[in-house]
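Enquirer: Return atomic coordinates for the entry below.
(chains A and B)
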Amino acid sequence: MVVGSGPGGLQTAYSLARAGVTNCAVLSRDPAPGGMFRRWPIYQRLISWTKPDAPVEPGTREYEWYDHNSLVGDEPEHRALVRGFMDRAYDVPARGEMEAGLVEFAKRGDVRVRYECEWLTTSRDENGFVLGTSDGEYRCRVCVFAIGVTDPWTPPISGLDAAPHYAATRTPDQYRGKSVFIVGKRNSAFELAQGLLPWASRIVLASPRPVQTAVLAFSPLSIRYLSPYMQHIRGGSGSFVVDAAIERVERHADGYRIRASGTTWEGELELEADEVIAATGFRTPVRDLPALGVAMVNDGRMPAQTPYWESVSVPGIYFAGNVMGASAGLRKHGATSAAASVNGFRYNARVLARHIAEKHFGIKREQQEFVRAGAVAFLRDELAYAPELWIQKGYLARVVETGGGYRDGGIVPLADYVDRDTGDSCAVTVEYAADGAVTPVVYLRRNGRLAEHTLPTHPLHRFDTDEHRRVLDALIS
Amino acid sequence: MEAPADNYVDALSRLALFADLTHPQLEVLAHSFDEEVFAAGQRVIRQDVTGGGFYVILEGEAQVVIDGKERSRLGRGDFFGEISLLTDTQPTADVIAATMLRCLIIPDTELKPFLLKQPTVMYRMLQIEARRLRAANAWDG
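Expert: Now for the predicted structure:
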């Protein structure tokens, strides 16, 4: 069973069907596909790009690198669907354009969902799990929860619960001439600040951690961050970005009084605001899963997961969608999964579907076989072009089995490859080195021992050179 | 195991390593570095794989394993991964979750700036390393 009809649920259900799992039911409390994109982002513009025209043909695997929003299809007519809905006002889609792309994917990909069937309770029986829903009980062996990270979450700050959460933000014109205090400095906080710039008289964003400008400059969030932050840096505009731990929020007849302690500066701050908004993030709406034994992480906000996105404490319960980000992988030099956005988790969901098909339903994948030179060329091309490896750097790997011939071992989570010995093989990944350089890496497993090899970088990121072929060839021999 | 009753900041505040940090400093720590939970049997750092981080145990136990042999056990408040970061070498041991294991993680590239910004944590870390060295010498002798 799959719960959820957002991009994570749709991709998982689609890929399960393509992997041969035909007895899969998809439930959703919503009346139509789209998940969070039926409502959010609140100011209606995404931050991840889709280039309607690119140097490569839309619908090819290479085009996925230029289109971070469409789900990934096995058949050509299911691919690159978001571009067709874009009005080209921006290179990032509007919320409605994204939603339309998802609806089209569900329709063309024949993803059948029982809409308006809300999952309410979870229990076990001898064969697996029983999901209590608004439409009666459903029984299953394996359950994938693709339920997003959509429940408003507010940290335990005295008085903050009296202020509305990001999710309850009103239209920007209703903040006209007001001073607005936003708790938080991540995506949603800066999104609000950007949206309120033309309306509010003063905007203060505050949270303990300083803005990391070096990270920000290269982040897809820069589109949302830059104006409010630059106005703060240049001074005098009425936008302020403050590093402070919020100690207390007091509601009074005319608005709010906020008390905070500096984190990157010494001292206390007390200020008045007409409005306070808690842009403090979201949690996964896990309902009764913790009572069933599902361990949580990130301050209790997301379920803790294995490299294959299975609950670390309740086998048979899996997660898909942006909640997959809580399975962080090897964290080499701090890099984790790109699962916070569709471009990353669409691949994870496909890998998960193949894993479930194989592990729980005994469905073996067809494996392409190679002669040795073919295997070398295949791995080199994967390093050079595979969108899975380029988008999920240091997280997803392409494997070729090398014990007695050469066979494609598929795309797998790197952490699982490194930690589980499945025989002689070779895996390739694209990773960030310690200095930030995009670097091809090869892992070789032989007689139970694993060795890591770094291949040369290239100023134009070209990993399809003769040198790369020679190094790979020498390693695999 | 259900979600812990207290929050992440509270859990950090009770560890000896962070005992000298003020509340705002603990808030920065909690907002800057991730928490992760590992299943029993899952590897946390790996012998011969580069790029690992610095881990502080918030809950649970871990085994230190060298070439397949358990050498020691770690529990709440213990930390690991720092030797390979400080010496810029690959880890010489696997650290494997012995029970469900909850950790704070500071990535390799961020450990030095963090310690330089929080010298009280660096001093506490040095004290603990000194005790470990003394225990190892006593054991060897």
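
Enquirer: Counting neighbours, which bits of the helix ranked longest in chain B end up buried?
Expert: Longest helix of chain B, by residue count under DSSP state H: helix B:119-140. Residues of helix B:119-140 classed as buried: B:V121, B:R124, B:M125, B:I128 (neighbour count, 16 or more other CB atoms under 10 Å in any protein chain shown). C-beta: built from backbone N, CA, C; applies to glycine.

Enquirer: Keeping just the C-alphas, turn that helix into CSV.
Expert: The C-alpha coordinates for helix B:119-140 follow below in CSV (Å, rounded to 0.1, in the frame of the first residue of the first chain):
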residue,chain,number,x,y,z
PRO,B,119,36.8,26.9,23.0
THR,B,120,35.1,25.5,26.1
VAL,B,121,33.9,22.5,24.1
MET,B,122,37.5,22.1,22.7
TYR,B,123,38.8,22.2,26.3
ARG,B,124,36.3,19.5,27.5
MET,B,125,37.2,17.4,24.4
LEU,B,126,40.9,17.7,25.2
GLN,B,127,40.2,16.6,28.9
ILE,B,128,38.3,13.5,27.6
GLU,B,129,41.0,12.7,25.1
ALA,B,130,43.6,12.9,27.9
ARG,B,131,41.7,10.5,30.1
ARG,B,132,41.3,8.1,27.1
LEU,B,133,45.1,8.3,26.5
ARG,B,134,45.8,7.6,30.2
ALA,B,135,43.4,4.7,30.3
ALA,B,136,45.0,3.3,27.1
ASN,B,137,48.6,3.7,28.5
ALA,B,138,47.5,2.0,31.8
TRP,B,139,46.0,-0.8,29.9
ASP,B,140,49.1,-1.3,27.7
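
Enquirer: ok, it near chain A or not?
Expert: No. Helix B:119-140 is not in contact with chain A by CB under 8 Å from any CB of the partner chain; minimum separation 15.1 Å.

Enquirer: So what touches that helix?
Expert: With contact meaning CB atoms under 8 Å, 6 or more residues apart in numbering or on different chains, helix B:119-140 is reached by B:A16, B:L17, B:F18, B:A19, B:D20, B:L21, B:F79, B:E82, B:F114, B:L115, B:L116.

Enquirer: mind listing which of these are in strands?
Expert: B:F79 (DSSP state E).

Enquirer: buried subset of the contacts of helix B:119-140?
Expert: Using 16+ other CB under 10 Å, the buried ones in the contacts of helix B:119-140 are B:L17, B:F18, B:L21, B:F79, B:E82, B:F114, B:L115.

Enquirer: Now render the buried residues of helix B:119-140 as a markdown table, adding pLDDT.
Expert: Converted to a markdown table, those look like this (pLDDT from 0 to 100):
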| residue | pLDDT |
| --- | --- |
| B:V121 | 97 |
| B:R124 | 96 |
| B:M125 | 96 |
| B:I128 | 94 |
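
Enquirer: how about A:V412, phi and psi?
Expert: Dihedral pair for A:V412: phi -140, psi 160, per degrees, to the nearest 10.

Enquirer: again, but for A:H468
Expert: Per-residue torsions, A:H468: phi -60, psi -40 (degrees, to the nearest 10).

Enquirer: In contact with the residue nearest to it when sequence neighbours are not counted, which residues?
Expert: Leaving out its chain neighbours, the residue that sits closest to A:H468 by CB to CB, 6 or more residues apart in numbering or on different chains is A:R380, at 5.4 Å. Going by CB under 8 Å, 6+ apart, A:R380 touches A:F463, A:D464, A:H468, A:R469, A:L472.

Enquirer: doesn't A:R380 fall inside a helix?
Expert: Yes. Counting by DSSP: H, G, I helix; E, B strand; the rest coil, A:R380 is part of a helix.

Enquirer: For it, give its distance to A:Y395.
Expert: 20 Å (CB to CB, to the nearest Å).

Enquirer: Same question for A:G59.
Expert: For A:G59, the distance to A:Y395 - CB to CB - is 25 Å.

Enquirer: Name the residue in those two with the higher neighbour count.
Expert: A:Y395 (29 against 19; other CB atoms under 10 Å in any protein chain shown).

Enquirer: Correct me if wrong: that one contacts A:D416.
Expert: No. Using CB atoms under 8 Å, A:Y395 is not in contact with A:D416, being 10.7 Å away.

Enquirer: returning to that earlier point: quick check, nearest of the contacts of helix B:119-140 to chain A?
Expert: Distance to chain A, by CB to the nearest CB, is smallest for B:L21 among these, at 10.9 Å.

Enquirer: Verify the stated contact: the closest one with B:L15.
Expert: No. Contact criterion CB under 8 Å: B:L21 and B:L15 do not qualify, at 9.7 Å.

Enquirer: For A:P152, give me phi and psi.
Expert: Per degrees, to the nearest 10, the backbone of A:P152 is at phi -50, psi 140.

Enquirer: Sorry, slip of the keys, the one I care about is A:S239.
Expert: Main-chain torsions, A:S239, degrees, to the nearest 10: phi -110, psi 130.

Enquirer: and the helix or strand harbouring A:A244, average pLDDT?
Expert: In this structure, A:A244 sits in strand A:239-252 according to DSSP states H and E. The average pLDDT for strand A:239-252 rounds to 94.

Enquirer: can you check stretch A:346-359 too?
Expert: Mean predicted lDDT for stretch A:346-359 stands at 98.

Enquirer: could I have it exported to CSV, CA atoms only?
Expert: Provided in CSV are the C-alpha atoms of stretch A:346-359 (Å, rounded to 0.1, in the frame of the first residue of the first chain):
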residue,chain,number,x,y,z
ARG,A,346,11.9,11.1,-7.6
TYR,A,347,15.0,8.9,-8.1
ASN,A,348,14.9,7.6,-4.5
ALA,A,349,11.3,6.6,-5.0
ARG,A,350,12.2,4.6,-8.1
VAL,A,351,15.1,2.9,-6.3
LEU,A,352,12.7,2.1,-3.4
ALA,A,353,10.1,0.6,-5.7
ARG,A,354,12.6,-1.8,-7.3
HIS,A,355,13.9,-2.7,-3.8
ILE,A,356,10.4,-3.5,-2.5
ALA,A,357,9.7,-5.5,-5.7
GLU,A,358,12.8,-7.6,-5.2
LYS,A,359,12.9,-8.0,-1.4
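
Enquirer: three-state assignment of the nearest residue to A:D473 once chain neighbours are set aside?
Expert: In this structure, A:D473 finds its nearest non-sequential neighbour in A:V376, 4.9 Å apart by CB to CB, 6+ apart. Three-state call for A:V376 (three-state DSSP): helix.

Enquirer: Could you pull up the residues touching A:V376?
Expert: So A:V376 contacts A:R469, A:L472, A:D473, A:I476 (CB under 8 Å, 6+ apart).

Enquirer: Lowest average confidence across helices and strands of chain A, where is it?
Expert: helix A:213-217 (a mean of 70; mean pLDDT, DSSP states H and E).

Enquirer: Tell me where chain A has helices.
Expert: Under DSSP H, chain A gives helices at A:7-18, A:95-108, A:187-196, A:213-217, A:222-234, A:289-292, A:342-361, A:372-385, A:387-391, A:414-419, A:466-476.

Enquirer: swap in chain B?
Expert: B:8-13, B:23-32, B:82-87, B:108-117, B:119-140.

Enquirer: does any part of the fourth one sit near chain A?
Expert: Yes. For helix B:108-117 and chain A, the contact criterion (CB under 8 Å from any CB) is met by B:D108, B:T109, B:E110.

Enquirer: Chain A contacts on chain B?
Expert: Close to chain A, as judged by CB under 8 Å from any CB, chain B has residues B:1-4, B:7-8, B:23-25, B:27-28, B:30-32, B:34-39, B:42-43, B:46, B:48-53, B:100, B:102, B:105, B:107-110.

Enquirer: For stretch A:64-74, what is the distance to the chain centroid?
Expert: Here stretch A:64-74 shows a centroid-to-chain-centroid distance of 14 Å under the convention CA atoms, centre = their mean, to the nearest Å.

Enquirer: Repeat that for stretch B:25-42.
Expert: 10 Å.

Enquirer: sorry, back to before: find me the pLDDT at the residue nearest to A:D473, would you?
Expert: Confidence score, pLDDT, at A:V376: 97.
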